[in-house]
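Visitor: Here is my input, please return the structure:
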Amino acid sequence: QAGVTQGWFIEVNNQWPGQAMAIKVKEKLFEGKSDYQDVQIFETETYGKMMTLDGVIQSTQRDEFSYHEMMVHLPLFSHPNPEKICVIGGGDGGVLREIMKHPSVQSAVLCDIDAVVIEQSKVHLKHLSVGMEHPKSEVICGDGLAFLKGKEAQYDVINV
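Guide: Residues are numbered from 1 along each chain as shown. Below you'll find the predicted structure:
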């Protein structure tokens, strides 16, 4: 269960027994329902912008780097020459942003199933979605596994 109560976004989730998260909200920037999930974006008092999906915190501006950097730099630095990259999911754009920091990358395609996440990230989470505008990137809205089927060998790194 999650929601805003007396100005606080409170997340209590069975995935993490014995703990809960509460973040003070300044303003709700977006609330909507896609074909797949409930999407909310908030401006918070101390964590900057925050996106939740189905009431579960996905990222906050304050600490998103720890996730996105780890998701990208470990596999890309482990590859001798990562030129063609595929990202499945990652519709907020943070992974793509980090990929574009690697000079060896010639192209990166991101495929996420949720158009609402992609579009609202472009509107409200520009610090994350900046990589979507990079000339070496392509963003596709669709089923990632269906997109990737039979194309695995075209990519040096596949980030899921």
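
Visitor: C-alpha from now on. contacts and neighbour counts both.
Guide: Fine.

Visitor: Find the nearest non-adjacent residue to the residue nearest the centre of the chain, please.
Guide: Nearest to the mean C-alpha position of the chain, by C-alpha atoms, centre = their mean, lies Asp92 at 3.3 Å. Leaving aside its sequence neighbours, Asp92 sits nearest to Ser121 (C-alpha to C-alpha, 6 or more residues apart in numbering; 5.2 Å).

Visitor: Can you list the low-confidence ranges for this protein?
Guide: Across the chain, the ranges flagged by pLDDT under 70 are 1.

Visitor: Strands of that one, start to end?
Guide: 2-5, 8-12, 20-33, 38-44, 49-53, 56-60, 84-88, 107-112, 137-141, 157-159 (DSSP state E).

Visitor: With mean neighbour count as new columns, can those be given to me in JSON lines?
Guide: What follows is these, written out as JSON lines (neighbours: other C-alpha atoms under 10 Å):
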{"stretch": "strand 2-5", "mean neighbour count": "15"}
{"stretch": "strand 8-12", "mean neighbour count": "18"}
{"stretch": "strand 20-33", "mean neighbour count": "15"}
{"stretch": "strand 38-44", "mean neighbour count": "21"}
{"stretch": "strand 49-53", "mean neighbour count": "22"}
{"stretch": "strand 56-60", "mean neighbour count": "18"}
{"stretch": "strand 84-88", "mean neighbour count": "22"}
{"stretch": "strand 107-112", "mean neighbour count": "22"}
{"stretch": "strand 137-141", "mean neighbour count": "18"}
{"stretch": "strand 157-159", "mean neighbour count": "19"}
